[in-house]
Structure formats: C-alpha cells, structure tokens
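J.: Give me coordinates for this.
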Amino acid sequence: MNARLRVLIALAAAAAITAPALTARAQGPGDAWAVTDKTVLVPDFAPHMTANVRTGDLLGDGSVQVFAAEPLRGQVIWMRRPDDFVAFQVGLRQPVRTHVVDLDGDSDRDLLVADIGSLIPSDENVGRVVLQRNVGGGRF
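T.: Numbering: from 1, shown residues only. Alright, predicted model coming up:
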C-alpha cells in the first residue's frame, strides 16, 4: 500500500470516528444518544479503521442505533446504546457497509453487510454481500 493511500485511509477513519455535535432521541427512557462536540463512540484500539458509519433500527422498536463497519478487524459494530455494543464477525472478512432490512419477511429486521473481501486491489472475485439474519429476539 503506498503512502498516499495510507494517508487517505487514516483521514477517512478519523472523519468517521470524530463527528460533529448530534442528538438523536430514541423511544425508550434512557436510550437517547446525547453526544457533545467530537464524542468518540467507537473505542480507539489498534488496528482500527472505520470504513462506514450508518444509523438504523435493527431492534424494530423505533430507537436509533449506530453501525460501524471495520474492515481491518473483520467486523461490524452494532451500538444499541452508547454503552451497549455487539460485534458481528461470523462470516465477515472485510465489511465496508451495512443496511437494515427485513429481507426474509418474518418481521425481524436483518442486517445486510457489503464485504469487500480484501482491501488490497485484486482481479479475484472476493467481494460479496452477507446476510446477518435475525432469527428473533435479537439473535443472529
């Protein structure tokens, strides 16, 4: 990986982690995301690179949840609340984007993950879309 690409990746990771002031109100008491200027939501651990941050409602209860794709760690972090994290790792290589949808029509919201397969450019077919299927009760 050349130096310019490393700098671009580092800048993208810093921009994804450090966000401007934001307040999102959830439905339940005590479930509000109240963050101040530049609050770090994902702990700083190595190696760390956040490729994409999205919000969605995987619980289906109207609350705001945050999803951070971390390709270097091969995981997606699901932040149900600021102090409640779940890491999706099974079946993932280098995830880069997520989308919440009830794909199988069972009324439980599932998580679709775009998995690039490899951050290093290649002519191989390594990318894929992975379904993290919600089997009910928040189990995947």
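J.: Out of the helices and strands in the protein, which is least certain?
T.: One helix or strand of the chain scores below all others by mean pLDDT, DSSP states H and E: strand 22-24, with a mean of 39.
J.: How is Val76 assigned, secondary-structure-wise?
T.: On the three-state scheme (DSSP: H, G, I helix; E, B strand; the rest coil), Val76 is labelled strand.
J.: Tell me, how many residues neighbour it?
T.: 27 (other CB atoms under 10 Å). No exception for glycine: its C-beta is placed from N, CA and C like everyone else's.
J.: Same check on the one 5 residues further on?
T.: One way to gauge burial is a neighbour count; for Arg81, by other CB under 10 Å, it gives 16.
J.: residues in contact with stretch 82-95?
T.: For stretch 82-95, the external contacting residues (CB atoms under 8 Å, 6 or more residues apart in numbering) are 33, 35, 41, 51, 69-72, 74-80, 111, 113-119, 126, 130, 132, 140.
J.: how about a cut-off of 6 Å?
T.: By CB atoms under 6 Å, 6 or more residues apart in numbering, the residues outside stretch 82-95 that reach it are 69, 71, 74-79, 113, 115-117, 119, 130, 132.
J.: and it, how far apart are its ends?
T.: Terminal residues of stretch 82-95 lie 22 Å apart, using CA to CA, to the nearest Å.
J.: What of stretch 58-76?
T.: One end of stretch 58-76 to the other measures 13 Å (CA to CA).
J.: ok, back up a step: which of the contacts of stretch 82-95 lies closest to Asp102?
T.: Gln132 (12.6 Å; CB to CB).
J.: how about the closest one, what does it touch?
T.: Each residue near Gln132 by CB under 6 Å, 6+ apart is listed here: Phe88, Leu111, Phe140.
J.: and if we set it to 7 Å?
T.: By CB atoms under 7 Å, 6 or more residues apart in numbering, the contact set of Gln132 is Phe88, Asp110, Leu111, Val113, Phe140.
J.: ok, now how distant is the closest residue to it other than its chain neighbours from Ala69?
T.: Nearest residue to Gln132, sequence neighbours excluded (CB to CB, 6 or more residues apart in numbering): Leu111, at 4.1 Å. Counting by CB to CB, to the nearest Å, the gap from Leu111 to Ala69 is 11 Å.
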